[in-house]
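# Show me how the following folds:
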Amino acid sequence: MLNSETVSNLISKYNQPFTPKMLAGMLDGDIKEVEYLLGDLAKADKVRCISPSNSLYVRANRYTHGMAPDPRCKWKYDIQTAMKLLDLIESKSYRSVRELTKDFGRSRQFVFVYLEALASISIIGMNPHGYYIKTRLGIEQLGRYIQPGILGLLKKYSGMRNQYSY
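Numbers count the residues shown, from 1 in each chain. Got it, this is the predicted structure:
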């Protein structure tokens with residue numbers, strides 16, 4: 001039996017249009033069950049039906065309109081994604097990128113790049129308890145200037161001790 005999370009995880013990585021039959025084949029599941037789950041995901045705005053006659057779907061957030069690109073590797077920053085990351089940091093004390101990644105649901109590289117961009121414009125800081133939000137003002141400058149290695153400097157001067165040191 002399939003669940004919505006399994007289908008959602010597959011769809012989040014798939015950039016091409018798909019049909020319920022294709023998904024059922026990929027997940028080795030029943031077409032009717034996949035169609036039902038796609039209906040739920042469409043209501044949650046995670047997928048969009050682009051051709052009702054052919055039952056053709058696409059991921060809803062395929063094309064994110066980003067902000068300024070990172071000069072080092074052509075990253076495009078999305079303010080809404082940064083705000084979600086800030087909300088997550090505000091909700092709990094995080095001491096590492098790995099901890100944030102588990103709860104945010106994106107790759108470590110993705111979270112690291114966003115944290116580096118946020119720290120470069122002094123939106124987040126670090127203290128002995130972990131990351132914290134200094135201000136949310138100036139978020140529109142996200143990605144305009146990236147200071148390489150700023151997270152390492154913040155950790156060094158934060159007073160946070162390495163949990164693996166002997």
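
# And this protein, what are its domain boundaries?
Using automatic domain parsing, the domain parsing of the chain gives 4-59, 79-158.

# In CSV, list those along with mean neighbour count.
(Each C-beta comes from the backbone N, C-alpha and C, glycine too.) What follows is the domains of the chain, written out as CSV (neighbours: other CB atoms under 10 Å):
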stretch, mean neighbour count
domain 4-59, 15
domain 79-158, 16
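
# Turn those into CSV, including mean pLDDT.
Output for the domains of the chain, formatted as CSV (pLDDT from 0 to 100):
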stretch, mean pLDDT
domain 4-59, 85
domain 79-158, 91
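
# Show me where this structure has its helices.
4-13, 20-27, 31-43, 79-91, 97-104, 108-120, 150-158 (DSSP state H).

# In CSV, please show the C-alpha coordinates belonging to the fourth one.
To tie it back to what came earlier, the one meant is helix 79-91. What follows is helix 79-91 as a C-alpha-only set of coordinates in CSV (Å, rounded to 0.1, in the frame of the first residue of the first chain):
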residue,chain,number,x,y,z
ILE,A,79,13.0,34.5,-0.4
GLN,A,80,10.0,32.2,0.5
THR,A,81,12.4,29.3,1.0
ALA,A,82,14.7,31.4,3.1
MET,A,83,11.7,32.5,5.2
LYS,A,84,10.7,28.8,5.8
LEU,A,85,14.2,28.1,6.9
LEU,A,86,14.2,31.1,9.3
ASP,A,87,10.8,29.9,10.7
LEU,A,88,12.4,26.5,11.3
ILE,A,89,15.4,28.0,13.0
GLU,A,90,13.1,30.1,15.2
SER,A,91,11.0,27.0,16.2
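
# Perfect, that will be all.
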